[in-house]
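**Student:** Coordinates for the following, if possible.
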Amino acid sequence: MLSFVPSVLLPKKKFIYHYKNMRWARGRHETYLCFVVKRRVGPESLSFDFGHLRNRNGCHVELLFLRHLSALCPGLWGYGATGQGRVSYSITWFCSWSPCANCSFRIAQFLSQTPNLRLRIFVSRLYFCDMEDSREREGLRMLKKVGVHITVMSYKDYFYCWQTFVARKQSKFKPWDGLHQNSVRLSRKLNRILQPFETEDFRDAFKLLGL
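**Tutor:** Sure, this is the predicted structure:
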């Protein structure tokens, strides 16, 4: 297990507070990111690691994760042992908020340069996606464009996170009121955002952002 916060496992109350998929999540200014990293070398060799991160020193958690990729994903930019193919990675994020526009664009740019890395993102809530023309919506579309699978967390995802990332001391996960309804509502909203649309070449967006 690997984590860059004092405890590898999240306290139960902190997990529920930050991941609760309520309609109005006031006061939740941090983003938590629980991750699973799977590493494959050759057809049968597979290992994995997991942990969690949160925003630190003004750095958004998604970019903080990318900073630590050399430790999490050794060999990502090289090859395996002699006679083996390139090391490939599959990474899954469970985020309390969906990425902001800037993080989305930077992640997309990074993934376009690392074809041996696949990323799935499960989100509890959508960040600043109410406006039809928000940059956050555009960022999510760009992530989809580069092959990121983005999904709203459902009960089974919360249950998995509870079993994997939370210091639960054998306690069972108890869904809060509205979990399913809010998950369905957010899933429909995300699906509308990610619907096919006409757009300019995303390289122009990179240029505008100075990336």
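**Student:** Please count neighbours and contacts with C-alpha atoms only from this point.
**Tutor:** OK.
**Student:** Which secondary structure state does Arg141 sit in?
**Tutor:** Three states are possible here, and by DSSP: H, G, I helix; E, B strand; the rest coil the one that applies to Arg141 is helix.
**Student:** Make 53 the starting number, not 1.
**Tutor:** Understood, numbering begins at 53; the last thing we discussed is Arg193.
**Student:** In this structure, mark out all the helices, start to finish.
**Tutor:** With DSSP state H, the ranges of helices along the chain come out as 64-71, 113-119, 121-124, 153-164, 187-197, 207-217, 231-245, 254-260.
**Student:** Indicate which one of those is closest to Leu178.
**Tutor:** Closest approach to Leu178 among these is made by helix 231-245 (7.4 Å; Cα to Cα).
**Student:** what does the closest one contact?
**Tutor:** In this structure, residues lying in contact with helix 231-245 by Cα atoms under 8 Å, 6 or more residues apart in numbering are 72-75, 176-178, 189, 192-193, 203-207.
**Student:** Let's see that with 7 Å instead.
**Tutor:** With Cα atoms under 7 Å, 6 or more residues apart in numbering as the test, helix 231-245 has contacts from Asn73, Met74, Arg189, Val204, Met205, Ser206, Tyr207.
**Student:** Could you figure out how far it is turned away from helix 187-197?
**Tutor:** Interaxial angle of helix 231-245 relative to helix 187-197 (axes from the mean of the first three to the mean of the last three Cα atoms, to 10 degrees): 80 degrees.
**Student:** quick one: helix 231-245 to helix 207-217, angle?
**Tutor:** 110 degrees.
**Student:** tell me which residues in helix 231-245 are buried?
**Tutor:** Buried residues in helix 231-245, counted by 16 or more other Cα atoms under 10 Å: Leu231, Asn234, Ser235, Leu238, Ser239, Leu242, Ile245.
**Student:** closest to Gly127 among those residues?
**Tutor:** Nearest to Gly127 among these is Leu242, at 33.8 Å by Cα to Cα.
**Student:** separation between the closest one and Cys155?
**Tutor:** When distance is defined by Cα to Cα, to the nearest Å, Leu242 is 17 Å away from Cys155.
**Student:** same thing with Trp145?
**Tutor:** Using Cα to Cα, one obtains 14 Å as the distance from Trp145 to Cys155.
**Student:** got it, and Leu163?
**Tutor:** Leu163 sits at a distance of 12 Å from Cys155 (criterion: Cα to Cα).
**Student:** Then Leu124?
**Tutor:** As it turns out, when the distance is counted by Cα to Cα, Leu124 lies 19 Å from Cys155.
**Student:** cool, Met205 as well?
**Tutor:** Shown here: Met205 relative to Cys155, a distance of 20 Å by Cα to Cα.
**Student:** Could you do Arg75 as well?
**Tutor:** Using Cα to Cα, we find Arg75 at a distance of 23 Å from Cys155.
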